[in-house]
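[1] Give me coordinates for this.
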Amino acid sequence: MKKKYSFTNHGFARLVERSDESVNSIIEYIENEKYELVGIESNSNRKHVLIFSICDQNWHVIVYDQKTLQIITILPVDYYESLAWRIPYEALNKIKAISTGEEQVIVEKEIIFTVVKILCYINGKFIKLGTWKMEEGISVDTFKPNKEFWNYVKSQIKNKKVSLSRIKRIFIRKNDKDEPKPINTSFGKNDKELLLKWKL
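    Residues are numbered from 1 along each chain as shown. As a prediction, the model looks like this:
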């Protein structure tokens with residue numbers, strides 16, 4: 001029996017919150033390949049596809065598991081870009097044309113990247129702050145945070161209501177089974193000063 005696409009509880013909640021599309025219509029976008037591929041997570045089965053919703057007259061990014069065919073979440077483009085990277089204007093234009101019937105051929109361009117998990121260490125345990133896309137060729141050991149990374153950490157600390165004074169270190173890792181790696185040997189003095197300036 002052919003496996004069918006379905007929504008996780010989280011995916012369904014995000015659909016209801018962010019779109020007027022139905023469950024079946026979102027599944028049809030994927031089954032009929034009315035999407036533009038924007039990313040594949042190299043360390044998981046997750047695929048990121050861009051659609052243009054006729055119902056919403058807007059773009060969304062759908063994240064689904066290629067193995068289980070479960071739709072994990074649906075994201076507005078601006079939110080997706082704040083978590084991952086900018087989607088080219090050409091891709092937005094192309095998928096809008098496809099969805100409105102002006103173009104029928106989909107040419108997929110795979111963007112392979114590594115997603116790492118950001119954690120902080122508080123009271124003897126790790127707390128997940130979020131995820132971050134590492135550029136090709138960068139490993140967990142050689143990763144160097146930039147301003148964009150710290151801005152994201154800032155927003156996640158706020159969102160999760162974590163007290164800055166309790167954070168001792170920031171770590172990253174690729175998979176849950178991996179040993180978390182500190183970004184610095186210790187929570188860097190300069191980084192600490194930067195975070196304190198945010199007055200969280």
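[2] domain ranges for this protein?
    Following automatic domain parsing, the chain resolves into domains at 6-99, 113-197.
[3] Now do the longest one: distance to the chain's middle.
    Read it as domain 6-99. For domain 6-99, the distance from its own C-alpha centre to the chain's C-alpha centre is 11 Å (Cα atoms, centre = their mean, to the nearest Å).
[4] What's the end-to-end length of it?
    Terminal residues of domain 6-99 are spaced 21 Å apart (Cα to Cα, to the nearest Å).
[5] State the mean pLDDT of it.
    For domain 6-99, mean pLDDT rounds to 90.
[6] before we move on, what about the last one?
    Mean per-residue pLDDT for domain 113-197: 73.
[7] and after the lengthiest helix in the chain, which helix or strand comes next?
    What stands out as the longest helix in the chain, according to DSSP state H, is helix 147-159. Using DSSP states H and E, the helix or strand that follows helix 147-159 in sequence is strand 170-173.
[8] if we can go back for a sec, so which elements touch the longest helix of the chain?
    For helix 147-159, the helices and strands in contact under the criterion 3 or more Cβ pairs under 8 Å, 6 or more residues apart in numbering; DSSP states H and E are strand 112-122, strand 125-134, helix 189-197. To be clear about C-beta, it is placed using only N, CA and C from the backbone, and glycine gets the same treatment.
[9] Flag every buried residue along it.
    149, 150, 152, 153, 154, 156, 157 (16 or more other Cβ atoms under 10 Å).
[10] Format the residues you listed as JSON lines; extra columns: distance to residue 82.
    Rendered in JSON lines, the data for the buried residues of helix 147-159 read as follows (distance: Cβ to Cβ, whole Å):
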{"residue": "149", "distance to residue 82": "12"}
{"residue": "150", "distance to residue 82": "14"}
{"residue": "152", "distance to residue 82": "8"}
{"residue": "153", "distance to residue 82": "13"}
{"residue": "154", "distance to residue 82": "12"}
{"residue": "156", "distance to residue 82": "11"}
{"residue": "157", "distance to residue 82": "15"}
